[in-house]
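Novice: This is a predicted model, with the sequence first.
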Amino acid sequence: MRSTFTLALAAAAVMGPAVASGSTSSSRSRERRSEPYHHSKGRDGAFNPNHPELQAIRRGAITASVADVANQSFDFVIAGGGLAGLVAGARLSEWSNVTVLVIEAGGDGSDVETQQTIPGYTYLHGISSNSPYGWNYTTTNLTGCNMLTKNIPLGRGLGGSGAVNGMFWCRGDSVEYDAWGSLNPNGNQTWDWAEVNKYIMKAENLTVPSQSNIDTFTIPIDTSAHGSGGPLQIGWSSFIYPVVANWVPTWVNMGFAALDLAAGSTHGVTITPSTLNAPIGSRSDSKTAYIEPNSARPNLVVLTGQQVTKVLFNGTKDASGNIIASGVQFAASASDTTYTVNANKEVILTAGTIGTSKLLQLSGIGPTSVLTGVGIDTVLDLPVGYNYQDHVSYTMYFDTVDGIDSWYNLATNDTLQAEALAEWEASKTGVWTYINEAVGYLSGSDILGGSAGATSFVSGLDTTAMVTTLASKYTLPSTVQAGLKKQLDLQTAWLSQSLGQFEIILHLWGKSATSLGVQVALQHPFSRGQTYINSNDPFVMPILDPGYFDIDADVQMMQDATAWVRTMTNTAPMNTIMTNESLPGASVTGDALTTYFKTACGTEYHPIGTASMLPQELGGVVDTNLVVYGTSNLRVLDSSIIPIHVSAHTMASTYGVAEKGCDIIKSQHWYVAPVVSSTSTSASATSSATSSANTESATAEAAAVASTGLSTAAKIGVGVGCGLGAIGVLAAIFLFCLRRKKSKPDTVTKGAYMQGNTSDQWMDGYNTPNAFAMAGQNRPSLDTMATADLHHPNPQAAGYYNPHSPAPQQYTPPSQRPSHLALEQYYDRQ
């Protein structure tokens, strides 16, 4: 009888909680019509034609129409359609029975496609400054920079900074990512090199350059250090200026190794890959890679031209006393109407290091002293906005011999630009495909006079005094001070280790036709900054103080790195190209040099840390699940959670954060089959952060629990009854399937489940290990990425479909992409 009872429970699990509790199919239909879908109640939105959220999204994903989303409900509401936000939108909408809304303040990029798509245009015709596609942040007067202000031009629009930046694709050192983990010793999730790199690899699809370019420019490539089959295209320029051939050999002559710096060490020289779709010579970003292949998903909406202004809380708390986010408010501007949208499951912030901290503070989450000052009631007193870290850099300029071809020639010659554009449009090749790729990283020993010099320098550092200086400037809470002390101690130790402390970049846009630049960028500043709101108006820019050079050690290291660059440019073969240092000038040293680089310096566009993933006692804002402390369902998935900086451009790391964050979210919304006991006739579905091993045994556990404690007679009676019930259930299933086979799905229903891999060319990395019960059905949603990636050392093993391989494809504007009707017709033909 036990086996019969188990069969009955299994059949009930197939039919869902409504059947398990004794409801009829007709009553379940009435239930669906009367309530919004929520899969924890066991209703399957993937096949529910009356799913309220789906009424808004019978078309492509990207829209500027507020009417499509205002006052509606979505399972996941994502604030910010930049790099991380679009990754989250694509990943979470892989579950076809949940709805996802991404809200982005900027435009969709259709009016600036040339500037975004063509790599060289980004540099010569950039739109991150003085454009609607840039936030145009400006700092306060900086005490460490002679009281000057600096511009922080971060991306605004779909794809965020990843759609307008320099496209560098590089990871930090393994030691730096391991520090993320060591700073969170008791976290529920692992954040270290192996884990973060796993998710960076998951995002990427590497295209190796031609052997000719590899040989000519000494490009070191370790294909095992890169992913293949991910959505984001990674590659090298097809055209590289000849002068770059001198870069790697010069460093090698100075004793450096030529390395693929993606392998976990950032000490050496390389020609780095970029977020470049090499076969078609175009930028790859989170819009082109993650959203455009999936723009026909009916459960995904990307709203542009609207800024999220506040996270809403409904006044309720979960069982642990954490407040519940119920949705967000948004508006196009201060003078436009403010709208509301509801979140059934989670609100996810992906507005970037500055935008996310600003939004949290506007929502009442932040330092009470800041919130009180602008008339905002404190919802949660958390250290939002502190621990701001950025790479500060400046560029040295060198005269060259005559005849050096560079960007300067392209930038100042309209005829050459037009000819190059015609070549790109015809063949996706030529000088417009070039971007800066020649980089190298110096360790502390490299700039401080060897290991002995580094040891001497480190012995003179006082991190306690540094904390005191920063605490006095920013009035740091004691918890932030404790976390800062741990970070600075780590950074001090790193100075004696073999990891990058300075990034050195060859820049091919000099001051004249016979000039080149060399950028010098500090990777681990001891200085820290802060960002905070000074108005409760969400359209007023926040106060921004990156704190450049507030700690004297940063000044000394910048001087030492400058001296190293002077040595490099006097080393063969670079010394055959560069003849003289024009700026700041070879004779400029000491205080004069400090004055120069404090005046000339600026951001390297890599701010992090304002919503740090740290324990609360160390000044943390989010835990290792990326949930804001004190909340139940408010999460942050962007670079603001990074607790300590890496010696790399932050784009790859942010993709890793977003990819891993999405898997964490999915793992915590797995459907678990209801457990039916002898004292209960109904059960409800619950969400749980469980592995597939838990779901695999759910039915067996249910049977075991249900049969425990019954008398023999009762067991016999229950067994007979359940056996008969099982027969009835199986008969109902048979009739249901027969009826479904005879009739085609109606158009509305098809719109809800039209998520097959064939239609959106989006392949999953894993098959689900077991057919878990999703939304009360013993199957996954039709297009899902198994969250097994969270526990697997090699995610994405099966790979994604690559729409650009083997034959390049042309970019297709949203208006020309397959319509929802076209997908319906596709299914009609099946």
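Specialist: Good, I have the coordinates.
Novice: Skipping its backbone neighbours, what lies nearest Ser512 in space?
Specialist: Of all residues not flanking Ser512 in the chain, Tyr408 sits nearest, at 6.5 Å (C-beta to C-beta, 6 or more residues apart in numbering). Where you see a C-beta, it was placed from the backbone N, CA and C, and this is true even at glycine.
Novice: So that neighbour is in contact with Gly510, correct?
Specialist: Yes - assessed by C-beta atoms under 8 Å, Tyr408 is found in contact with Gly510 at 5.6 Å.
Novice: ok so, going back, contacts only, for the residue nearest to Ser512.
Specialist: Neighbouring residues of Tyr408 by C-beta atoms under 8 Å, 6 or more residues apart in numbering: 508-513, 515.
Novice: Give me the phi and psi for it.
Specialist: Torsion angles at Tyr408 (phi, psi; degrees, to the nearest 10) stand at phi -60, psi -40.
Novice: check contacts around the nearest residue to Gly327 once chain neighbours are set aside.
Specialist: Spatially, and ignoring its direct neighbours in sequence, Gly327 is nearest to Asn342 (4.1 Å; C-beta to C-beta, 6+ apart). Residues counted as contacts of Asn342 (C-beta under 8 Å, 6+ apart) are 71-74, 77, 326-327.
Novice: Quick one: the helices in the stretch 151-300 of the chain, in order.
Specialist: In the stretch 151-300 of the chain, the helices defined using DSSP state H, counting those that start in this stretch lie at 174-182, 193-203, 211-217, 247-253, 286.
Novice: Now do the third one, average pLDDT.
Specialist: Pointing back at helix 211-217 there. What helix 211-217 shows for mean pLDDT is 98.
Novice: what's the answer for stretch 294-304, then?
Specialist: pLDDT averaged over stretch 294-304 gives 93.
Novice: how far away is the residue nearest to Val77 when sequence neighbours are not counted from Tyr441?
Specialist: Once flanking residues are discounted, Val77 sits nearest to Ala343: 4.2 Å by C-beta to C-beta, 6+ apart. Separation of Ala343 from Tyr441 (C-beta to C-beta, to the nearest Å) stands at 42 Å.
Novice: higher neighbour count, the two?
Specialist: Tyr441 (28 against 24; other C-beta atoms under 10 Å).
Novice: Nearest residue to that one in space, ignoring adjacent ones along the chain?
Specialist: Spatial nearest neighbour of Tyr441, chain neighbours left out: Gly500 (3.1 Å); criterion: C-beta to C-beta, 6+ apart.
Novice: Report the secondary structure state of that neighbour.
Specialist: coil (DSSP: H, G, I helix; E, B strand; the rest coil).
Novice: Correct me if wrong: it contacts Val269.
Specialist: No - counting by C-beta under 8 Å, Val269 is not a contact partner of Gly500; they are 11.0 Å apart.
Novice: Now do the contacts for Gly430.
Specialist: Gly430 touches 238-239, 281, 420, 423-424, counting by C-beta under 8 Å, 6+ apart.
Novice: Mind doing that once more with 6 Å?
Specialist: Contact analysis of Gly430 by C-beta atoms under 6 Å, 6 or more residues apart in numbering lists 239, 420, 423-424.
Novice: separation between it and Glu423?
Specialist: When Gly430 is compared with Glu423 (using C-beta to C-beta), they lie 4 Å apart.
Novice: Please apply the same query to Ser286.
Specialist: 28 Å.
Novice: Thank you kindly, that will do.
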